[in-house]
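Asker: Okay, here's the prediction I keep looking at, along with the sequence it came from:
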Amino acid sequence: MKKIISRFAPSPTGYLHIGGLRTALFNYLWAKKNNGQFLLRIEDTDQNRLVEGAAENLIKILREMGLDFDNQEPMIQSKRIKIYQEAAKNLVAEKKAYYCFCSAERLENLRESQQAKKQMPRYDRHCLNLSPEEIEEKLAKGEKHVIRFYVPSEKKTEVNDLVYGKITVNNLDLDDFIILKSDGFPTYHLANIIDDHEMQISHAIRGEEWLPSLPKHYLLYQAFGWENAIPEFVHLPLLLNPDRSKLSKRQGDVAVEDFLAKGYLKEALLNYVALLGWNPGTDQEFFSLKDLEKEFSLEKINKAGAIFDLQKLNWFNAEYIRQAINNQDATYQNILNESKKILATTYDLEKVLKVSGSRLNNLSELKEAAAFYYNLADYPAEMLIFKKSDLEKTKLGLNLALENLAKITEDQWQEKELFELLDKLIQDHNLNPGDLFWPVRVALSGQEKSPSPAEILWVLEKEESLKRLKQAVDKLS
Ligand code: GLU
């Protein structure tokens, strides 16, 4: 059986787009599932779009996400310019490509006149008629030029995509596209297929936006005589905003590094992104990277655009945070380390996380969610009185709590014991929970909504808890 080799071939733009993460992930999974190889290639031949440090950043994020690639060093296209130039010239020698010296102005005029005649804009092969001598002369003079691929006019081109099926185009609808630009750099099409061939890629998995380029790539494979070693193509459905527009930066975060900086867990991001355009065919929703390596399959990739739903990602992330805190696993250590950067160590951070961490969508919410432990905001005295209670009962509840909590020792100061103590006070004195639990909670948090009183007592510990309860009693007298 043919060895499975996939690749992620990003053009470094300065950040890893969430769609790029999905492409990388699917390529990675397909390779792992088949004991194959997952390779990285940096497609940096567009000199106008170079961003310093972008490739390094990309590599760092991929590693951080756990999607390590199997080539020792990524293939970097900008270091291979000679190879592409050579290949383009070979195609010229074989009359499968030709030099074009047309000026931008001529091309613009051509486009306008075609548009005026309602024709499809295309290159008119003006330079195909140049004699070898004319070409030599122009090249010798250093005239600005590109190399265009000669699209055989007579045929149709048929290509198969594993997700979208058979794609057929009439060659007449394909322009003689540029393969080598006037700056001597290859276009995406040329470099992409030369490299896929050299890397022996078995599966090219990439975004749907490349589907229209597929016939061009196929023609290039043919021109080079590589049609027996064409990779399988797998195009992934577009990622959409909830309003079905194309997912873009304008409507919110799309950079993986922004999500990480906000405290999204990589496990949650990977899990969520895996489900964008792929489904396991069962009801299972939670997948670790290892699970995905087993379960992933190309047949379960859908054609329909996949909606990137931040609510759903938040839900996954909240679940992952909760699970990590309960299981105290490796992810939990990450969370704990991150929390140390966010919060002061006045209180036991493990306790803070246990109580307030399981209510978070992401870790950056921790600062706000935990603020009341560190700083009790002023609150109006009326907030202490539950809507079904009254001043007298509230005072009674608070005083009972204060007196009885003062009596218990530091060792007994545990969540369960604290809850039982408060609960017993309610029973013994014939109070409603709202007469005691509510004011104690408000006294401790200064908020109408917060974790339960026993949980907060446990985090704040005895001294601070009693101090806050006294303050509340004073407010009411
Ligand atoms: N450089 C292209 C991109 O950034 C690669 C497309 C492909 O995988 O062929 O999407």
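Answerer: It's in.
Asker: Residue ranges in the protein under the pLDDT threshold?
Answerer: Residues of the chain meeting the criterion pLDDT under 70: 250-251.
Asker: for V92, what are its contacts?
Answerer: The contact partners of V92, taken as CB atoms under 8 Å, 6 or more residues apart in numbering, are 98-99, 147. All C-beta spots, glycine's among them, are computed from the backbone N, C-alpha and C.
Asker: So it versus N192, what's the distance?
Answerer: 19 Å (CB to CB, to the nearest Å).
Asker: swap in L384?
Answerer: In this view, L384 and N192 are 67 Å apart by CB to CB.
Asker: For L240, which residues are in contact?
Answerer: Residues in contact with L240 (CB under 8 Å, 6+ apart) are 246-247, 305-308.
Asker: Rebuild the residues you listed as a markdown table, extending it with distance to S364, secondary structure and neighbour count.
Answerer: Below are the contacts of L240 laid out as a markdown table (distance: CB to CB, whole Å; DSSP: H, G, I helix; E, B strand; the rest coil; neighbours: other CB atoms under 10 Å):
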| residue | distance to S364 | secondary structure | neighbour count |
| --- | --- | --- | --- |
| K246 | 27 | strand | 12 |
| L247 | 22 | coil | 21 |
| G305 | 29 | coil | 16 |
| A306 | 26 | strand | 21 |
| I307 | 24 | strand | 15 |
| F308 | 19 | coil | 22 |
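Asker: burial of F224, as a residue count?
Answerer: 17 (other CB atoms under 10 Å).
Asker: surely it meets A87?
Answerer: Yes - judged on CB atoms under 8 Å, F224 makes contact with A87 at a distance of 7.4 Å.
Asker: Any chance you could list residues touching both of the two?
Answerer: Common neighbours of F224 and A87, using CB under 8 Å, 6+ apart, are I194.
Asker: who's in contact with the nearest residue to E227 once chain neighbours are set aside?
Answerer: Leaving aside its sequence neighbours, E227 sits nearest to Y221 (CB to CB, 6 or more residues apart in numbering; 5.3 Å). Contacts of Y221 were listed using CB under 8 Å, 6+ apart, and they are 193, 197, 227, 229-230.
Asker: Residue of the stretch 151-300 of the chain closest to the ligand, please.
Answerer: Nearest residue of the stretch 151-300 of the chain to the ligand (CB to the nearest ligand atom) works out as R206 at 3.4 Å.
Asker: just the strands in this protein please.
Answerer: Secondary structure of the chain (DSSP state E): strands at 5-8, 37-42, 75-76, 97-100, 146-149, 156-161, 165-170, 178-180, 203-207, 232-236, 239-240, 306-307.
Asker: in the sheet, who's paired with Y99?
Answerer: I147 (DSSP bridges).
Asker: That one and F149 touch, don't they?
Answerer: No - between Y99 and F149 there is no contact under CB under 8 Å: 11.9 Å.
Asker: of those two, who's got more company?
Answerer: Between Y99 and F149, F149 has the larger neighbour count (other CB under 10 Å), namely 24 against 20.
Asker: Tell me the residues of the stretch 51-200 of the chain that contact the ligand?
Answerer: Listed as neighbours of the ligand in the stretch 51-200 of the chain under the rule CB under 6 Å from any ligand atom: N192.
Asker: give me that answer again for 8 Å
Answerer: Within the stretch 51-200 of the chain, the positions near the ligand by CB under 8 Å from any ligand atom are 188, 192, 196.
Asker: List the contacts of the last one.
Answerer: Think D196. Residues in contact with D196 (CB under 8 Å, 6+ apart) are 7, 204, 231.
Asker: Could you rerun that using 10 Å?
Answerer: Contacts for D196 (CB atoms under 10 Å, 6 or more residues apart in numbering) come out as 5, 7, 9, 39, 41, 202-204, 217, 221, 226, 229-231, 233.
Asker: again with the second one
Answerer: Under the criterion of CB under 10 Å, 6+ apart, the contact partners of N192 comprise 9, 41, 43, 45, 77, 186, 201, 204, 206, 210, 213, 216-217, 220.
Asker: Repeat the analysis, applying 6 Å as the threshold.
Answerer: Contact criterion CB atoms under 6 Å, 6 or more residues apart in numbering gives no residues in contact with N192.
Asker: distance of it from N228?
Answerer: Shown here: N192 relative to N228, a distance of 19 Å by CB to CB.
Asker: What's the biggest helix in this structure, counting residues?
Answerer: helix 453-476 (DSSP state H).
Asker: same for that helix, what does it pack against?
Answerer: helix 349-356, helix 391-407, helix 415-428, helix 433-445 (3 or more CB pairs under 6 Å, 6 or more residues apart in numbering; DSSP states H and E).
Asker: With S11 as the reference, measure out to L50.
Answerer: Distance from L50 to S11, counting by CB to CB: 10 Å.
Asker: burial count for the nearest residue to A344 once chain neighbours are set aside?
Answerer: Excluding its sequence neighbours, the residue lying closest to A344 (CB to CB, 6+ apart) is Y374, at 6.2 Å. Number of residues near Y374 (other CB under 10 Å) recorded here: 12.
Asker: likewise H197?
Answerer: By other CB under 10 Å, the residues close to H197 number 17.
Asker: quick one, the longest helix of the chain and helix 349-356 angle?
Answerer: 80 degrees (axes from the mean of the first three to the mean of the last three CA atoms, to 10 degrees).
Asker: In helix 453-476, which residues are buried?
Answerer: 453-460, 464-466, 468-469, 472-473, 475-476 (16 or more other CB atoms under 10 Å).
Asker: Please list the outside residues in contact with it.
Answerer: For helix 453-476, the external contacting residues (CB under 6 Å, 6+ apart) are 347, 351-352, 355, 373, 381, 384, 395, 398, 402, 406, 410, 413, 415, 418-419, 437, 440-441, 443-445.
Asker: could you check the angle helix 391-407 makes with it?
Answerer: Counting by the same axes, to 10 degrees, helix 453-476 lies at 120 degrees to helix 391-407.
Asker: show me what contacts G397?
Answerer: G397 sits next to 431, 435-436, 439 when contact means CB under 6 Å, 6+ apart.
Asker: Taking those together, which two end up most distant?
Answerer: For these, the farthest-apart pair by CB to CB is L431 and P439; their separation is 10.6 Å.
Asker: Looking at those two, which is more packed in?
Answerer: Between L431 and P439, counting by other CB under 10 Å, P439 is the more crowded of the two (27 against 18).
Asker: So the nearest residue to that one once chain neighbours are set aside versus P237, what's the distance?
Answerer: Sequence neighbours aside, L384 is the residue nearest to P439 in space, at 4.4 Å (criterion: CB to CB, 6+ apart). Look at L384 and P237: by CB to CB, they are 54 Å apart.
Asker: and these two? which has more neighbours close in?
Answerer: More crowded of L384 and P237, by other CB under 10 Å: L384, with 23 against 19.
Asker: quick one: contacts for that one?
Answerer: Residues in contact with L384 (CB under 6 Å, 6+ apart) are 394, 439, 442, 472.
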